[in-house]
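1. How does the following fold in three dimensions:
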Amino acid sequence: VLQNLAMMIWGRNYLTFPPLFPKVHFELAGAHFTAVQVMIVLVAAISMGGLLFLVYRTKLGMAMRATAQNPAVAGLMGVNANRVISSAFVIGSALGAVAGVMVGTYYEIAHYQMGFMLGLKAFTAAVLGGIGNLAGAMAGGVLLGLIEALGAGYIGDLTGGFLGSHYQDIFAFVVLIAVLMFRPSGLFGEKTGDRA
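-> Residues are numbered from 1 along each chain as shown. You can find the predicted model right below:
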């Protein structure tokens, strides 16, 4: 609904996203990167640190963890589960908006469907790291990015460019299928016993 509403308002065409940072290039140990990439890493690290602080050091975070564990018992302890769930959706949407701005800044374009593939990859990263494990989801995202980049580079070279950068999304979903088949709890997920 949101994607089609955005299409109705802004149209199907790609829109130019205004640059938020100057186009400055850096080089360090043979690696080339831009000011935009540095800011994306910094904003992502600050967002992750803030989220970890919120979840593990505040009353709202304690209420979120309690509600996720057992909503009925959390309600008996005085936690308003509906308010906690609403807060989680607001926080998740705000972080999604930050991610959307960073993606738009990096590619300098905006499109009504720009979040679809990113959402699938975010889900893949969360499954890879372990659902419910914040640090694991972050590590899963970094690992997924490395797998895509190296897979598109090395396997693309081995196949004569047949499976190159145009097919890098394949590697993300191959990883998702492999993790779901062989380790459904994720790389950093905890195995929990079945409830009686």
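
2. Which residues outside stretch 104-123 are in contact with it?
-> 3-4, 6-7, 10-12, 14-17, 19-21, 36-37, 39-40, 96, 99-100, 103, 141, 144, 169, 172-173, 176 (Cβ atoms under 8 Å, 6 or more residues apart in numbering). All C-beta atoms are positioned from the backbone trio N, CA, C, and that covers glycine.

3. before we move on, what about stretch 42-56?
-> By Cβ under 8 Å, 6+ apart, stretch 42-56 touches 60-61, 64-65, 91, 95, 98, 102, 134-135, 138.

4. Residue 19 and residue 6, how far apart?
-> 21 Å (Cβ to Cβ, to the nearest Å).

5. With residue 107 instead?
-> 17 Å.

6. likewise residue 141?
-> For residue 141, the distance to residue 6 - Cβ to Cβ - is 25 Å.

7. likewise residue 38?
-> Distance of residue 38 to residue 6, given as Cβ to Cβ: 29 Å.

8. go on, residue 138?
-> In terms of Cβ to Cβ, residue 138 sits 28 Å off from residue 6.

9. which of these two has more neighbours?
-> residue 138 (20 against 16; other Cβ atoms under 10 Å).

10. and the helix or strand containing the more buried one, which residues are buried?
-> In this structure, residue 138 sits in helix 134-150 according to DSSP states H and E. Of all the residues in helix 134-150, those buried under the rule 16 or more other Cβ atoms under 10 Å are 134, 136-141, 143-144, 147-148.

11. Make sure residue 26 is indeed in a strand.
-> Yes - under DSSP: H, G, I helix; E, B strand; the rest coil, residue 26 falls within a strand.

12. which residues does residue 95 contact?
-> 47, 51.

13. And it, how far from residue 184?
-> 25 Å.

14. again, but for residue 31
-> 36 Å.

15. So between the two, which is more surrounded?
-> residue 184 (12 against 7).

16. Let me know the secondary structure of that one.
-> coil.

17. before we move on, what about residue 172?
-> helix.

18. longest helix anywhere in this protein?
-> helix 81-107 (DSSP state H).
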